[in-house]
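**Student:** show me the folded form of this:
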Amino acid sequence: MPDDQSLPNLSNLSWEVYVAFKIFRKNCCGLDVHKTWIYACMGITDTNGRTEYKQARFSSFTKGLQKLADWLAKYDCNDVCMESTGKFWIPVFNILEKTCWVTLAYPKYTKPQKGNKTDHKDAKWICDLYMCDMVNPSFIPPPDIRQLRDLMRYRSKLTNIMTSEKNRALNCLTVSNLKLDDVFSDVFGKSSRSVIRYILEHPGETFQVAPFIDRRCKHPVEEIQAVIDGTISHQQAVKLRECLQHLDELEVHKTNVEKEILCLVQQYPYQLELLQTVPGFSGNIMTAIALISEIGADMSVFPSAKHLISWAGCCPRNDQSSKKVKSTRISRAGVYLKPLLVQVAIQPFTANADKLSAAGALEIRCQICDGRFLSMWAALFIFLGCPLPPCPKNLHVHNGRIVILASVAWIF
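**Tutor:** Predicted coordinates:
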């Protein structure tokens, strides 16, 4: 380099890059919700397109949530967006939904950049995304449906716990060589429970099972007498007694929960009546109530049937790059709704299992496909308010796919 030339002084230069996004919401707020604290960032855009941010931190206690609502009202902010963080978002939603339009975002779509992440920056990032309309809101049912959903999910948990206890009780009988499950269709039915009760009250004693057996039992008394020729130890007897007592207590809890559920659904008699016309929902009213508790009774919240199917987690993902499909697995959404739809979809066919091949009735892809059509079917009848015509008895399996023949083509 010549002596009369030198490097330019770059210390006084500033490099700024402006990226222009269309702003849809001039006044909105993003919330980063934690267990104890809530970080809020409000973005206020003036007529010149310049955005001013206001940040604050609030406690997650009730008084802190009230201060948050007052802070939003002070700046006339009615649009709020937050992530669905565990159960911590529910108290915030319950307070703010009275005065604001609250958008609940799936955390997958609001992830900030790694390595440059703080609570305040997370709130600002959520605010920026929401300001530019880059956040898809999650479906939040009205308060009465949310209460019904909570009770129905608790009932499902009680059912799962009861199943676990039954398995433990069956293990006690199995290791004690009491093969009651070979001769009784329901080991915890009236006849079987009376036999188990006598065994626990008189351990090691030989007795005749004929007085305890109902006349409708399919297996002969001699065969039942042979399966109880076992010996239960003291430790297994204690475990079995506790399992049976726990089962009785869970049954009482489940009955009390179901009474409250039936009180909550009294305002949806017509929707329940419509759903029970769909094959698979007519057997137990709790099945129809479970569907209403998950999707609600207002189908206008879903723009189309495809949105409902996607929300239920019954559609394949789009994962394609360079003309190669990497994965078509269904999403993890609908952890309560998806199993319900699959069980209901195969229910009309389990009664005719002898007429169906195992591959046709139990193939997973077919079950998901039937759950997909079933959700569209049920939502359509709730939305249109029309009953389902009687379903023909001839049910067919074609190419491994279950086909329900119903005279509803005029609706579609």
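**Student:** let me see the ranges of the strands in the protein.
**Tutor:** Using DSSP state E, the strands found in the chain span residues 27-33, 37-45, 51-59, 79-83, 101-105, 319-321, 324-327, 396-398, 401-403.
**Student:** and those, which is most packed in?
**Tutor:** Among the strands of the chain, strand 27-33 has the highest mean neighbour count (mean count of other CB atoms under 10 Å), at a mean of 26. Every C-beta, even on glycine, is put in place using the N, C-alpha and C of the backbone.
**Student:** what are the pairing partners of it, and which direction each?
**Tutor:** strand 37-45 (antiparallel), strand 79-83 (parallel) (DSSP bridges).
**Student:** nearest to residue 156, of the strands of the chain?
**Tutor:** Closest to residue 156 of the strands of the chain, according to CB to CB: strand 101-105, at 22.2 Å.
**Student:** and the closest one, what does it pack against?
**Tutor:** If you count contacts as 3 or more CB pairs under 8 Å, 6 or more residues apart in numbering; DSSP states H and E, strand 101-105 packs onto strand 79-83, helix 89-96, helix 119-131.
**Student:** using TSV, lay out these together with mean pLDDT.
**Tutor:** Formatted as TSV, these follow (pLDDT from 0 to 100):
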stretch	mean pLDDT
strand 79-83	94
helix 89-96	93
helix 119-131	92
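**Student:** can you list these in CSV and add distance to residue 264?
**Tutor:** Formatted as CSV, these follow (distance: least, CB to CB, whole Å):
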stretch, distance to residue 264
strand 79-83, 27
helix 89-96, 17
helix 119-131, 33
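**Student:** deepest-packed of those, please.
**Tutor:** Highest mean neighbour count of the helices and strands packed on strand 101-105: strand 79-83, a mean of 24 (counted as mean count of other CB under 10 Å).
**Student:** name the residues that touch that strand?
**Tutor:** 25, 27-33, 72, 89, 92-93, 96, 100-107, 110, 126-127, 129-130, 135 (CB atoms under 8 Å, 6 or more residues apart in numbering).
**Student:** turn the strands paired with strand 27-33 into JSON lines, including distance to residue 309.
**Tutor:** What follows is the strands paired with strand 27-33, written out as JSON lines (distance: least, CB to CB, whole Å):
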{"stretch": "strand 37-45", "distance to residue 309": "34"}
{"stretch": "strand 79-83", "distance to residue 309": "24"}
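**Student:** determine which of those approaches residue 119 most closely.
**Tutor:** Of all the strands paired with strand 27-33, strand 37-45 comes closest under CB to CB, at 4.4 Å.
**Student:** so what touches the closest one?
**Tutor:** 23, 25-32, 51-60, 64-65, 68, 71-72, 75, 77, 92, 119-120, 122-124, 126-128, 131.
**Student:** just the angle for that strand relative to helix 89-96, thanks.
**Tutor:** 50 degrees (axes from the mean of the first three to the mean of the last three CA atoms, to 10 degrees).
**Student:** separation between the residue nearest in space to the middle of the chain and residue 289?
**Tutor:** In the chain, the residue lying closest to the centroid (CA atoms, centre = their mean) is residue 336, at 3.0 Å. Distance, residue 336 to residue 289, using CB to CB, to the nearest Å: 13 Å.
**Student:** ok, now residue 91?
**Tutor:** 26 Å.
**Student:** ok, and the closest non-adjacent residue to residue 272?
**Tutor:** residue 288 (5.1 Å; CB to CB, 6 or more residues apart in numbering).
**Student:** surely that neighbour touches residue 281?
**Tutor:** Yes. Residue 288 is in contact with residue 281 according to CB atoms under 8 Å; the separation is 4.8 Å.
**Student:** shared neighbours of the two, anything?
**Tutor:** When contacts are counted by CB under 8 Å, 6+ apart, the set common to residue 288 and residue 281 consists of residue 275.
**Student:** follow-up on the earlier one: ok, now which ones touch the residue nearest to residue 272?
**Tutor:** Going by CB under 8 Å, 6+ apart, residue 288 touches 272, 275, 276, 281.
**Student:** looking at those residues, which is nearest residue 232?
**Tutor:** residue 281 (41.9 Å).
**Student:** quick check on the closest one: phi, psi?
**Tutor:** phi -100, psi -10 (degrees, to the nearest 10).
**Student:** just the pLDDT for it.
**Tutor:** pLDDT recorded at residue 281 is 77.
**Student:** residue 242 now?
**Tutor:** Confidence score, pLDDT, at residue 242: 94.
**Student:** for residue 49, what are its contacts?
**Tutor:** residue 23.
**Student:** separation between it and residue 22?
**Tutor:** 10 Å.
**Student:** one more: residue 302?
**Tutor:** 26 Å.
**Student:** who has more neighbours out of those two?
**Tutor:** residue 302 (19 against 8; other CB atoms under 10 Å).
**Student:** end to end, how far does stretch 208-228 reach?
**Tutor:** In stretch 208-228, first residue to last residue: 10 Å (CA to CA, to the nearest Å).
**Student:** would you mark the buried spots in it?
**Tutor:** Judged by neighbour count (16 or more other CB atoms under 10 Å), stretch 208-228 contains these buried residues: 209, 212, 213, 217, 224, 225, 227, 228.
**Student:** kind regards, and thank you for your time.
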